[in-house]
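Chemist: A structural model of the following input is requested.
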Amino acid sequence: MPDMILMEAEEKMTKSIESFEHELAQVRTGRANPAILDSVFVNYYGCPTQLKQMASISTPEANQLYIKPFDKSSLKDIQVAISAANLGLNPQGDGVGIRIVLPAMTEERRRDLVKVVGHVSEEGKVAIRNIRRDANDSLKKLELPEDEEKGYLEDVQKLTDSYIEKIEKIAKAKSEELMNI
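Modeler: Next up, the predicted model:
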């Protein structure tokens, strides 16, 4: 039973890391990345639809995104949704698709984005610590012998430390990427 709690905690921590990486993918670097638009939902025939489900998104140049909708009648709705998403992007339609030119990042904007990365990484660490707390509570409810319980609690702590270290490495790499562009 304690081994199942450890396995479940590790699985949840892995999912937290994946969620953290997904959040970081939406933080804009100087290069165009279609993941920037993952949070954009378009009102498509009265139903909110994720942009990537209704259009192909490509990067023709390093600082440019090109969105080609599968249904050309939705072109205007896509432009409105991108503008309303408050991503700081200026979509320009050309009749067939939408071109988004990403402005060059200033030093100040990079520093702001590094702060955002720090905030997102702290949220990831909190999620990992919450999983640790839940696992520790579950282990304590089992009423194991004291020394056995202590061993399992140490295992949970080692697991937590390793996942927090992963988050720190990923956040450091993203921060360096932001500052070195």
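
Chemist: number of nearby residues for residue 70?
Modeler: Residues within reach of residue 70, counting by other CB atoms under 10 Å, total 9. Where C-beta positions appear, they are placed from N, C-alpha and C, glycine not excepted.

Chemist: how about the one 10 residues further on?
Modeler: Residue 80 has 13 neighbours, counted by other CB under 10 Å.

Chemist: secondary structure element for it?
Modeler: helix 75-84 (DSSP states H and E).

Chemist: now the element after that helix, going C-ward?
Modeler: Next element after helix 75-84 (DSSP H and E): strand 91-93.

Chemist: can you list the strands that that following strand pairs with?
Modeler: strand 98-101 (antiparallel) (DSSP bridges).

Chemist: and the helix or strand that the partner strand is followed by, what does it pack against?
Modeler: Next along the chain after strand 98-101, taking DSSP H and E as the criterion, comes helix 107-141. Packed against helix 107-141 by the contact rule (3 or more CB pairs under 8 Å, 6 or more residues apart in numbering; DSSP states H and E) you find helix 2-25, helix 146-179.

Chemist: quick one: contacts for the residue most central in space within the chain?
Modeler: By CA atoms, centre = their mean, the mean C-alpha position of the chain lies nearest to residue 23, the distance being 1.3 Å. Going by CB atoms under 8 Å, 6 or more residues apart in numbering, residue 23 touches 120, 123, 124.
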